[in-house]
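Asks: mind looking at a prediction? Sequence and model below.
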Amino acid sequence: MSTGHRQVDHTADLALEFWAPTQEALLLEAARAIVAQLTEGATIGTDATRQVELNAVDPGDRLVQWLNEVLVLATSEGFLTQDAAITLGAGEAAELTASLRGEANADDRIRSELKSVTYHALAIERGDDHTWTARVVIDV
């Protein structure tokens, strides 16, 4: 199955769904979806890098922490993530180490305000076809 994302109807906030063949690809697609929402779909370069390390309690918590890191980098540094090399902890561990590639000093490219990714209605699962899917709600 291919990788992708879409906006989902939600009464007050923004809800997004993501799908991908692996957890790493799912996390990357989710980051790209956040940046697409922030920039209204602008093309993002890959000439700058940032490092992220997370320790989460489970894959859902890891997804929320990851996306909030992407948001913080965008809003505090103007760093817009376009690609990432993501390594996940082995077994039941929910650690994440990532080298992000994107565009630095791009504050002027941000067109929408996203406050934070929440745990409300959070879902992440691996389907019978081995495809990973997730849903997050973002406080706008």
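Replies: Sure, I can see it.

Asks: would you list every one of the helices in this structure?
Replies: Remark: helices assigned in the chain by DSSP state H are 23-39, 59-72.

Asks: which other helices and strands contact the longest one?
Replies: Applying 3 or more Cβ pairs under 8 Å, 6 or more residues apart in numbering; DSSP states H and E, one finds that helix 23-39 makes contact with strand 4-8, strand 14-20, helix 59-72, strand 80-88, strand 94-103, strand 132-139. (Glycine included, C-beta is placed from N, CA and C.)

Asks: average pLDDT across the third one?
Replies: For helix 59-72, mean pLDDT is 97.

Asks: and the angle for that helix with strand 132-139?
Replies: Interaxial angle of helix 59-72 relative to strand 132-139 (axes from the mean of the first three to the mean of the last three Cα atoms, to 10 degrees): 50 degrees.

Asks: same thing with the fifth one?
Replies: Orientation check (the same axes, to 10 degrees): strand 94-103 against strand 132-139 gives 70 degrees.

Asks: now do the contacts for residue 114.
Replies: Taking Cβ atoms under 8 Å, 6 or more residues apart in numbering, we find residue 114 in contact with 14, 34, 37-38, 71, 138-140.

Asks: looking at the helices of the chain, which is nearest to residue 107?
Replies: helix 23-39 (10.5 Å; Cβ to Cβ).

Asks: quick revisit: who wins for neighbours among the contacts of residue 114?
Replies: Neighbour counts for the contacts of residue 114 (other Cβ atoms under 10 Å) peak at residue 34, which has 26 neighbours.
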